[in-house]
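>>> The sequence and its predicted three-dimensional model are supplied below.
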Amino acid sequence: MPIGWYLREVDSLLTKFVNQAFESFGINRYHWQIMKNIDTHEKICKDLFYHQVHRFVNESEYESLFQELVSRNWIVLKEGKYWFTPEGKDAFAQISTLQEANRDAITKGTTEEEYLNTIRFLEKLIVNLGGNV
């Protein structure tokens, strides 16, 4: 099969797996990506983060993701950026534990070296095709 098939298949299966795992929290893969970025950077600008997910969600869906997290009182908009609330930090900690188990299940039977080599390989393909990483 061509590499594009494998890439699409993995992405589709990964999204399905993560969405099912996060179902009990009422979130999906893209909610998680927003939360993970807030955890990494302490706060994020919604407009600047959109470039990371614009191929996967349209603007309306993207807006809904943020509004859903705001309505749960997990994130709040302050000074033009989104931050965790105390409830959001607690939820993130719980979901993060689940995500670690997800990652272990997904990468079972692989080494860290294989994982990193795959990432480097995919980054080279992206750059060779004119994209940015």
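Everything's here; your move.

>>> can you pull out the helices in this structure?
3-22, 29-41, 46-53, 59-71, 86-106, 112-128 (DSSP state H).

>>> Buried deepest among those, which one?
helix 29-41 (a mean of 18; mean count of other Cβ atoms under 10 Å). Glycine gets a C-beta too; all of them are placed from N, C-alpha and C.

>>> quick one, it and helix 46-53 angle?
Put simply, helix 29-41 runs at 120 degrees to helix 46-53, going by axes from the mean of the first three to the mean of the last three Cα atoms, to 10 degrees.

>>> Begin at 50, not 1, for the rest of this chat.
Fine by me, first position is 50 from now on; the one you just mentioned is helix 78-90.

>>> Chain neighbours aside, what residue packs nearest to residue 145?
residue 88 (7.5 Å; Cβ to Cβ, 6 or more residues apart in numbering).

>>> Quick check: the one you found touching residue 142?
No - the criterion here is Cβ atoms under 8 Å, and residue 88 misses it with residue 142 at 9.2 Å.

>>> Could you list the low-confidence segments of the protein?
In the predicted model, the chain carries no residue with pLDDT under 70.

>>> and if we set it to 90?
97-98, 100-105, 180-182 (pLDDT under 90).

>>> Give me the residue at the spatial middle of it.
For the chain, the residue sitting closest to the mean C-alpha position, by Cα atoms, centre = their mean, is residue 82 at 2.7 Å.

>>> Identify the residues contacting it.
101-102 (Cβ atoms under 8 Å, 6 or more residues apart in numbering).
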